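Asker: Got a sequence here, can you model it:
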Amino acid sequence: MELSNSFELFSTLEKLKLLENSPPLWWPAYGTFEVVVGSILTQNTQWERVQLSLDNLRNADILAPDLLAQTHSETLMELIRPSGLFKAKASNLIRLSRNMIDEFGDFETFALSVDREWLLSQKGIGPETADSILCYACARPAMVVDAYTARLLNAFGYEFESYDELQEWCEAGVRGYFDSVQLPAAFARFHGMIVEYVKRNSKGKIVKLESLG
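Answerer: Numbering: from 1, shown residues only. Predicted structure coming up:
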């Protein structure tokens, strides 16, 4: 199968109905502060481990920026221990929560007002985490790209020199097919479909979707 732009990939993945058993926009708790926390906890670990940490935070009733901002670091470290790197992640979550409250007042205002530059200025947040927050917590038209994305496109002969270059390729082919209201959901689903496809087909070598070519 030849792949000339990202919308071809989007359309092909949609035919596979990869998100049938997932939340509508793939990431659980889409549009909530929980996504912000999850996007930091998932760094360098598996999602199953993140879910354990999120369950701990939910059970402790502190899964809100104003409550996390006041949580003692050692308490938070124990709650998020399943996610690994818990010392750094606890410190970053508390700092981010405090900055969020100081700058925006609450999560709802943050979701409406925050920009990528502000997120990237926060300790522990790189491009992938920033875009995950924009896309899945704030419902912005930001395409998250990651190792799964690079691996799938590499199977089609594409190589990109930077995160931004890979992101631009993925966004460019999709933008013209959705209006401004639809685009955030389209990017959320696109990223989710890529992750689900690669997870299911990455035993050894990526299958190049030949059956749908």
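
Asker: what residue is smack in the middle of this protein?
Answerer: In the chain, the residue lying closest to the centroid (C-alpha atoms, centre = their mean) is Ser132, at 3.1 Å.

Asker: What sits closest to that residue if chain neighbours are left out?
Answerer: Of all residues not flanking Ser132 in the chain, Ser39 sits nearest, at 4.1 Å (C-beta to C-beta, 6 or more residues apart in numbering). The C-beta positions use only the backbone N, C-alpha and C, and glycine is treated the same way.

Asker: Now the element after the host helix or strand of the one you found, going C-ward?
Answerer: According to DSSP states H and E, Ser39 maps onto helix 33-41. Once the chain leaves helix 33-41, the next helix or strand it forms, by DSSP H and E, is helix 47-59.

Asker: Sort out which residues of the very next helix or strand once past that next one are buried, please.
Answerer: The first helix or strand that comes after helix 47-59 along the chain, using DSSP H and E, is helix 65-68. Within helix 65-68, the residues that count as buried by 16 or more other C-beta atoms under 10 Å are Pro65, Leu68.

Asker: what helices or strands is helix 65-68 leaning on?
Answerer: Contacts defined by 3 or more C-beta pairs under 8 Å, 6 or more residues apart in numbering; DSSP states H and E place helix 65-68 against helix 33-41, helix 86-104.

Asker: average model confidence for the first one?
Answerer: Confidence for helix 33-41, expressed as mean pLDDT, is 98.

Asker: Please tell me how far the helix-or-strand element of the chain with minimal mean pLDDT is from the chain's geometric centre.
Answerer: The helix or strand of the chain with the lowest confidence, counting by mean pLDDT, DSSP states H and E, is helix 147-155 at a mean of 93. Between the centre of helix 147-155 and the centre of its chain there are 16 Å (C-alpha atoms, centre = their mean, to the nearest Å).
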